[in-house]
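[1] only geometry, no sequence info:
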């Protein structure tokens, strides 16, 4: 009489093994991230491993929609500035084309990854608020045109009436006098100077390299979205404050 053989149970992985497996899967996914179902998070050991990875800051979770959460490695996490720059670049390629906000969002969804999509609406608001996308009224509808198209109609004399460096330095002086501080928020300097955000960041990077300004990190965790948006990145590190040593040459 044949005897039934007992089925062998699959050994339960350790938390460290689960962590390693999760990191391997997310590394393979690159910057696209993975849903929880792809990471076995319904299993107790994998769920605990993920909680520890999130607590250690090695993994982040993004709410792409109300019901969809995506996990990805921290090094792949998108930033509002990255998405803003990507969208700005993409829209500037569409020279002379009028967009509705819905059309802008549709185009952005095609050029951004799922994790990046969480910043699309906010990035578009900044583009409109900073006049990178210019509103054009037509009957009861509003369309938007990228400012890069309009620059060709502005004379060189008008553009350089007040030198950009001078405007930034004068704005810094006003803010410093008003606050009594030498270290000024970059977001405040951006608003006060009226200089386009990309130009301001390029200028401050150049001045920092020349040793004429000092950039300070500040506390990123306490910064608002507007303050983070104005941050200058050097070697991957965000800087929120600036202090001028003297006049801008």
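    That came in fine, so what should we check first? Remember, it's a predicted structure, so these values are computed and weren't measured experimentally.

[2] C-alpha only now, for contacts and for neighbours.
    Fine.

[3] Could I get the average pLDDT for stretch 203-210?
    Mean per-residue pLDDT for stretch 203-210: 88.

[4] ugh, wrong one, I meant stretch 213-226
    On average, stretch 213-226 scores 88.

[5] again with stretch 102-122
    pLDDT averaged over stretch 102-122 gives 87.

[6] please begin residue numbering at 11 from this point
    Got it, first residue is 11 now, which makes that one stretch 112-132.

[7] Okay, now it: how far is its last residue from its first?
    Terminal residues of stretch 112-132 are spaced 13 Å apart (Cα to Cα, to the nearest Å).

[8] Next: stretch 142-151.
    19 Å.

[9] mind listing what's buried in that stretch?
    142-145 (16 or more other Cα atoms under 10 Å).

[10] Other residues contacting that stretch?
    98, 137-138, 152-158 (Cα atoms under 8 Å, 6 or more residues apart in numbering).

[11] ok, the residues you listed vs residue 241, which is closest?
    Nearest to residue 241 among the contacts of stretch 142-151 is residue 137, at 15.9 Å by Cα to Cα.

[12] Remind me which helix or strand that closest one belongs to.
    Assigned by DSSP states H and E, residue 137 falls within helix 130-139.

[13] Which strands and helices lie in contact with that helix?
    helix 90-103, helix 111-121, strand 143-148 (3 or more Cα pairs under 8 Å, 6 or more residues apart in numbering; DSSP states H and E).

[14] Spell out for me which residue occupies the centre of the chain.
    residue 90 (1.9 Å; Cα atoms, centre = their mean).

[15] Tell me how many other residues crowd residue 254.
    Residue 254 is flanked by 21 other residues according to other Cα atoms under 10 Å.

[16] quick one: residue 71 from residue 91, how far?
    Following Cα to Cα, the distance that separates residue 71 from residue 91 is 18 Å.

[17] and what of residue 184?
    Residue 184 is 27 Å from residue 91, by Cα to Cα.

[18] just residue 147 next, same as before
    28 Å.

[19] Same check on residue 124?
    Residue 124 is 16 Å from residue 91, by Cα to Cα.

[20] can you list the weak-confidence ranges in the chain?
    11-19, 160-173, 256-259 (pLDDT under 70).

[21] mind giving me the domain ranges of it?
    The chain breaks down into these domains under automatic domain parsing: 25-86, 90-163, 172-254.

[22] Strands of this protein, start to end?
    44-45, 69-73, 79-83, 143-148, 151-156, 194-195, 223-226, 242-244, 247-249, 251-254 (DSSP state E).

[23] what's the first-to-last distance across stretch 35-55?
    Rule used - Cα to Cα; the end-to-end distance of stretch 35-55 is 16 Å.

[24] ok, residue 110 - contacts?
    Per Cα under 8 Å, 6+ apart, neighbours of residue 110: 152-154.

[25] Tabulate these in a markdown table, adding columns for neighbour count.
    Supplementary listing: these in a markdown table, determined by neighbours: other Cα atoms under 10 Å:
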| residue | neighbour count |
| --- | --- |
| 152 | 14 |
| 153 | 18 |
| 154 | 21 |
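
[26] of these, closest to residue 36?
    Nearest to residue 36 among the contacts of residue 110, with distances taken as Cα to Cα, is residue 154, at 37.7 Å.

[27] show me the contacts for that closest one.
    Residue 154 touches 108-111, 143-146, counting by Cα under 8 Å, 6+ apart.

[28] Mind doing that once more with 6 Å?
    108-109, 143-146 (Cα atoms under 6 Å, 6 or more residues apart in numbering).
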